[in-house]
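>>> Sequence unavailable; structure follows:
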């Protein structure tokens with residue numbers, strides 16, 4: 001539970017609460033751009049992910065320079081992508097994305 005006087009959701013896990021509560025987190029507004037992703041088959045299942053620094057991939061992994069075409073808001077799940085039907089930008093801290101709506105509703109009030 002949140003002991004602060006700003007908005008939060010009852011269903012949030014400790015991860016979401018920490019993103020809102022930790023005022024040392026620096027958020028930067030960025031426009032989303034597709035980035036490199038990978039995929040490979042493991043035990044008949046396709047595994048996909050975002051290419052990151054120091055990532056070790058199996059030899060049969062395929063890299064696609066624009067495979068990673070969206071992110072999700074860590075608080076509400078909304079898509080953030082280069083598409084007019086979605087948020088085109090969001091607030092980023094390392095690998096965490098927050099949509100502008102949740103940033104205004106949850107992150108800003110926690111900093112006041």
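Done, it's in. Owing to the predicted nature of the structure, the values given are computational and were not obtained by experimental measurement.
>>> pLDDT below threshold where in the protein?
The chain contains residues with pLDDT under 70 at 1-6.
>>> If we use 50, what do you get?
Residues of the chain meeting the criterion pLDDT under 50: 1-2.
>>> List the contacts of the helix ranked longest in the chain.
If each helix of the chain is counted by residues according to DSSP state H, the longest one is helix 14-21. Helix 14-21 is contacted from outside by 2, 4, 6, 8-9, 12, 25, 74-75, 93, 96, 98, 106-107, 110, using CB atoms under 8 Å, 6 or more residues apart in numbering. From N, CA and C alone the C-beta is placed, and that goes for glycine too.
>>> Is there a neighbour count for residue 97? I'd like the number.
Using other CB atoms under 10 Å, residue 97 has 25 other residues around it.
>>> Am I right that it sits in a strand?
Yes: the assignment for residue 97 (DSSP: H, G, I helix; E, B strand; the rest coil) places it in a strand.
>>> and the contacts of helix 14-21, which of them are in helices?
Of the positions in the contacts of helix 14-21, residue 110 sit in helices, assigned by DSSP H.
>>> What is the nearest of the contacts of helix 14-21 to residue 82?
Closest to residue 82 out of the contacts of helix 14-21 is residue 98 (17.4 Å), distances taken as CB to CB.
>>> Could you pull up the contacting residues of the most centrally placed residue in the chain?
The residue lying closest to the centre of the chain (CA atoms, centre = their mean) is residue 97, at 3.3 Å. With contacts taken as CB under 8 Å, 6+ apart, residue 97 has the following neighbours: 32, 71, 72, 73, 74, 80, 90, 91.
>>> Ok, residue 96 next?
Contacts for residue 96 (CB under 8 Å, 6+ apart) come out as 19, 74.
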